[in-house]
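In: What follows is a predicted protein model with its sequence.
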Amino acid sequence: MRNKQMPKLDLEVIESKMAPHQFELVKGIVSSQGKNKGCLRASKPKTHKTVAVPAKNPRFVGDLDYVYEDVKTATSLGYTAYIWRMVAFMVSPKAQHHCMPCTADWSIPGTYREIKDTLKALDALVDIVVDSVKASEWHGVKRWGQAYGVIGTPVVRKGGSIVYR
């Protein structure tokens, strides 16, 4: 059976390549206790969001208003959740993390343009984290590379379909 341990992250290398406030965001994606200490977390960090129900008509779901408890905390947790999702997409050995991260930016508050600008900065942090992991542990990258036919050896099956292994 394959080893499903999450990859180890070299925190010293990561910290040396980013500012302290950026490293604070990245520290949230690292497991801090037990046998997985220093490895990528197995699940997305929680984002703090509360639901405030308006007093006038709380029966209708459309009347619910999602309110962040603390905007600064919610923003940093949203950034950390995004970083984790993108890193897990590329390096996690768990197959469910290799699904396209289409909704990864939903935990980031702001308008479309603000989020787009923020994602550029966050993607730079993701690149630093992924580069700190050995390329042999880039499980998601390998899986998608095989799917697109840019990694692996082509095997022609009956019926003419080509699979890269």
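Out: That came through fine.
In: And the contacts of stretch 99-106?
Out: With CB atoms under 8 Å, 6 or more residues apart in numbering as the test, stretch 99-106 has contacts from 81, 82, 85, 86, 89, 115, 119. Where you see a C-beta, it was placed from the backbone N, CA and C, and this is true even at glycine.
In: in which helix or strand would I find residue 155?
Out: strand 154-156 (DSSP states H and E).
In: What average pLDDT does that strand get?
Out: Averaging pLDDT along strand 154-156 gives 85.
In: Mind listing the strands that strand pairs with, and their directions?
Out: Within its sheet, strand 154-156 is paired with strand 162-164 (antiparallel), according to DSSP bridges.
In: contacting residues around the strand it pairs with?
Out: 145, 146, 147, 149, 151, 152, 153, 154, 155, 156, 157.
In: which residues of the chain fall in helices?
Out: Along the chain, counting by DSSP state H, helices occupy 11-16, 20-27, 71-91, 112-131, 139-148.
In: CSV please, covering those helices and showing mean neighbour count.
Out: What follows is the helices of the chain, written out as CSV (neighbours: other CB atoms under 10 Å):
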stretch, mean neighbour count
helix 11-16, 14
helix 20-27, 15
helix 71-91, 21
helix 112-131, 15
helix 139-148, 16
